[in-house]
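Peer 1: Got a predicted structure here, sequence first:
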Amino acid sequence: MSTLPSLAGRHIVLGLSGGIACYKSAELVRELGRAGATVQVVMTEAAQAFITPVTMQALSGRPVATSQWDAREPNNMAHINLSREADAILVAPASADFIAKLAQGRADELLSLLCLARPLERCPLLLAPAMNREMWAHPATRRNVAQVVADGATLFGPDAGDQACGETGDGRMLEAEDIRDELIAFFQPKLLAGRKVLITAGPTFEAIDPVRGITNLSSGKMGFAIARAAQEAGAEVTLVAGPVHLPTPRHVRRIDVQSAQQMHDAVLPLAPAQQVFVATAAVADWRPASLAEHKIKKESGRSVPAFELTENPDILAAVARLPQRPYCVGFAAESGDLVKHAREKRIRKNVPLLVGNLGPATFGRDDNTLLLVDEQGEREIATADKLSLARTLVREIANRLTS
Ligand code: C5P
């Protein structure tokens, strides 16, 4: 089972410049470690006024580098050694002053020195700015940020929200897990750059009366993982979600719906402008023919209510029928005989790619096994966590778009 964490094998130099957001960097080290990265912390003098190297050493498991004059380095060139080993330099927090130094190419302490000394073509510089909103909005900072971006740096954030100074606005550093996810996404190959991808996910809820309805056990996890993987691959992603309790993947546009009809009405107008449509939603095939205006009461002597059902629109089939249709990927959740059902479903839905999985084995779980069925035949994607599977599926889709 391939469950390597997303940053396995990556070595990150995490730089801290001075700012109250340094407290979040402690958590960030943990998050990067949990995601499989090794982390070498470098701190400026100002950063050490906010959090101690002792804390950062304990969390990263390595002595923190704080000085370009550190005589322990055999060649006395910490700035060269550190950047040559790194897959990326991530500065979090990146203060207004530190960004100003980078913009000028100054190098009077270890962190700015190693940013300047890094091999541009293979060691990316990633900045998570953190400052008061007035500092972020100041023309000098705007100028400096534009310059460092033009020089090749990538910005993670900043966020808007409450600031330590008591004000509210732009300039707040992203949370540790958001920076971790930005970093993970940064390393993913941009196989869907410039493509628009539309995804349905989760169950639908077909109301019987104002408090009851017909639904199913789909958790939405597979569809949300595909949305995340497509976004990481550079796509512009819209996710139409039935009722689920899942956080929206970063930079994904989410539209919440309840019923199959609402999902259909959200999807159809968007579909012609997409390059890819992935229908992972477990859409109810039928809905009650009429919706009771008030709760249906259980009263003694009254007979058990009988429901007449009517058929829901088939969203995938409707998109596949569009004259200007995106590349359509269907899902089949079966309870057995997967190959046969998946093959039949691909033909019936008239889609180039159908992904089969066993419903009872996947609903609500974090891992899954997929069977890809296309014109050429079948291929199994071995059991893995849903995000790994989603990345594999995104690769398979991207290959089919270009071929
Ligand atoms: O026919 P069945 O429901 O098994 O087909 C499953 C595939 O069709 C999934 O991709 C599902 O999202 C899609 N579907 C749909 N609209 C429906 C029923 C299924 O888009 N009403």
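Peer 2: That came in fine, so what should we check first?
Peer 1: Tell me who's in contact with the most centrally placed residue in the chain.
Peer 2: For the chain, the residue sitting closest to the mean C-alpha position, by CA atoms, centre = their mean, is R228 at 3.7 Å. Listed by CB atoms under 8 Å, 6 or more residues apart in numbering, the contact set of R228 reads 249-250, 252, 387, 390. C-beta here means a position set from N, CA and C on the backbone, and glycine is covered the same way.
Peer 1: Equivalent analysis for L401, please.
Peer 2: Counted by CB under 8 Å, 6+ apart, L401 has contacts 195, 275-276, 327.
Peer 1: quick one on the thing from earlier: so the residue nearest to the centre of the chain sits in a helix?
Peer 2: Yes. The assignment for R228 by DSSP: H, G, I helix; E, B strand; the rest coil puts it in a helix.
Peer 1: From E177, how far off is it?
Peer 2: 13 Å (CB to CB, to the nearest Å).
Peer 1: now V145
Peer 2: 24 Å.
Peer 1: higher neighbour count, the two?
Peer 2: V145 (21 against 17; other CB atoms under 10 Å).
Peer 1: Is that one in a helix, a strand, or coil?
Peer 2: Classified using three-state DSSP, V145 is helix.
Peer 1: Excluding sequence neighbours, find me the nearest residue to it.
Peer 2: Sequence neighbours aside, I99 is the residue nearest to V145 in space, at 6.1 Å (criterion: CB to CB, 6 or more residues apart in numbering).
Peer 1: what do you get for P53?
Peer 2: Per CB to CB, 6+ apart, closest to P53 is V64, 3.9 Å.
Peer 1: Then L102?
Peer 2: L102's closest residue in space is V148 (CB to CB, 6+ apart), at 5.0 Å.
Peer 1: what's the answer for L338, then?
Peer 2: L338's closest residue in space is G356 (CB to CB, 6+ apart), at 4.7 Å.
Peer 1: quick one, phi psi at the one you found?
Peer 2: Backbone torsions for G356, taken as degrees, to the nearest 10, come to phi -100, psi 140.
Peer 1: Isn't it up against E334?
Peer 2: Yes. G356 lies in contact with E334 (CB atoms under 8 Å); the separation is 6.4 Å.
Peer 1: Show me whatever sits in contact with both of those two.
Peer 2: 341-342.
Peer 1: Neighbour count for the two, which is higher?
Peer 2: Legend: neighbour count by other CB under 10 Å for G356 and E334, higher for G356 (25 against 18).
Peer 1: which of the residues in the strand or helix carrying Q261 are buried?
Peer 2: Using DSSP states H and E, Q261 maps to helix 260-270. Neighbour-count burial for helix 260-270 flags 260-264, 266-267, 270 (criterion: 16 or more other CB atoms under 10 Å).
Peer 1: returning to what we had before: and the gap between the residue nearest to L338 and D385?
Peer 2: Taken as CB to CB, the span from G356 to D385 is 18 Å.
Peer 1: From the ligand, how far off is K349?
Peer 2: As judged by CB to the nearest ligand atom, to the nearest Å, K349 and the ligand stand 6 Å apart.
Peer 1: For that residue, report the pLDDT, please.
Peer 2: pLDDT for K349: 93.
Peer 1: Can you name the residues that contact it?
Peer 2: 314, 316-317, 320, 328, 330.
Peer 1: Give the PyMOL command for selecting the buried subset of these.
Peer 2: If you want just the buried ones from those in PyMOL, going by 16+ other CB under 10 Å, the selection is:
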select buried, resi 314+316+320+328+330
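Peer 1: By mean pLDDT, which helix or strand of this structure comes out lowest?
Peer 2: When the helices and strands of the chain are scored by mean pLDDT, DSSP states H and E, helix 359-362 comes last with a mean of 72.
Peer 1: Sheet-wise, list the partners of the next helix or strand after it with their directions.
Peer 2: Per DSSP H and E, helix 359-362 leads on to strand 367-374 as the next helix or strand towards the C-terminus. The strands beside strand 367-374 in its sheet (DSSP bridges) come out as strand 353-358 (antiparallel), strand 377-385 (antiparallel).
Peer 1: is the ligand contacted by the first one?
Peer 2: It stands for strand 353-358. No. Judged by CB under 6 Å from any ligand atom, strand 353-358 and the ligand are separated, with a smallest distance of 7.8 Å.
Peer 1: For this protein, which residues are neighbours of the ligand?
Peer 2: 200, 260, 279-281, 283, 312, 314-316, 330-332, 345.
Peer 1: out of these, who has the most neighbours?
Peer 2: Sorting the residues of the chain next to the ligand by how many neighbours each has (other CB under 10 Å) puts T200 first, at 30 neighbours.
Peer 1: Show the average pLDDT along stretch 207-214.
Peer 2: 95.
Peer 1: The residue nearest to L102: neighbouring residues, count only.
Peer 2: By other CB under 10 Å, 24 other residues sit near V148.
Peer 1: May I ask which helix or strand encompasses it?
Peer 2: Here V148 sits within helix 139-150, counting by DSSP H and E.
Peer 1: what comes up buried for that helix?
Peer 2: For helix 139-150, a neighbour-count test (16+ other CB under 10 Å) marks 141, 144-145, 147-148 as buried.
Peer 1: now those residues as TSV including distance to S83 and pLDDT?
Peer 2: Output for the buried residues of helix 139-150, formatted as TSV (distance: CB to CB, whole Å; pLDDT from 0 to 100):
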residue	distance to S83	pLDDT
T141	25	98
N144	21	98
V145	22	98
Q147	20	98
V148	16	98
